[in-house]
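Q: Here is my input; please provide its structure:
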Amino acid sequence: MEKGFSPARAFDTLGKRERGNWDAERRTSELVALVAVSCTLFLFLHTRDLSTKLRQMQRLNDDVTAFNHLTDSK
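A: Now for the predicted structure:
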């Protein structure tokens with residue numbers, strides 16, 4: 001093996017370095033995408049739960065209001 005300068009070896013080293021940076025950028029972008037999807041899913045589920053609780057509270061409030069009207073009219 002020759003230890004001197006070789007354009008092929010320099011190109012190969014440069015190519016590996018660029019591929020390494022590209023892989024790191026790709027992993028970073030995949031991590032960002034995963035965090036975004038996870039946050040979206042969490043917010044969707046949390047909003048659905050809050051909406052369900054709100055509907056239950058509105059029904060209870062409607063029931064209490066109806067009961068108060070029935071008892072007050074007598």
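Q: Against Val64, how distant is Leu45?
A: Leu45 sits 29 Å away from Val64, going by CB to CB, to the nearest Å. From N, CA and C alone the C-beta is placed, and that goes for glycine too.
Q: For the chain, which segments count as helices?
A: When secondary structure is read from DSSP state H, the chain shows helices at 7-72.
Q: where are the low-confidence patches of it?
A: Applying pLDDT under 70 to the chain flags residues 1-20, 73-74.
Q: now do 90
A: 1-26, 62-74 (pLDDT under 90).
Q: count of neighbours near Val37?
A: By the measure other CB atoms under 10 Å, the count of residues near Val37 is 10.
Q: Kindly apply the preceding question to Asp62 instead.
A: For Asp62, the count of nearby residues is 10 (other CB under 10 Å).
Q: One more: Leu41?
A: Neighbour count for Leu41, taken as other CB under 10 Å: 10.
Q: show me what contacts it?
A: Residues counted as contacts of Leu41 (CB atoms under 8 Å, 6 or more residues apart in numbering): none.
Q: could you measure Thr71 against Val64, distance?
A: Going from Thr71 to Val64 by CB to CB gives 11 Å.
Q: And for Cys39?
A: Counting by CB to CB, the gap from Cys39 to Val64 is 37 Å.
Q: and if you look at Asp72?
A: Asp72 sits 12 Å away from Val64, going by CB to CB.
Q: same deal with Val35?
A: In this view, Val35 and Val64 are 43 Å apart by CB to CB.
Q: Asp72 and Val64: which is more packed in?
A: Remark: of Asp72 and Val64, Val64 carries more neighbours, 10 against 7, as counted by other CB under 10 Å.
Q: Quick one: residues contacting the more buried one.
A: By CB under 8 Å, 6+ apart, Val64 lies in contact with nothing.
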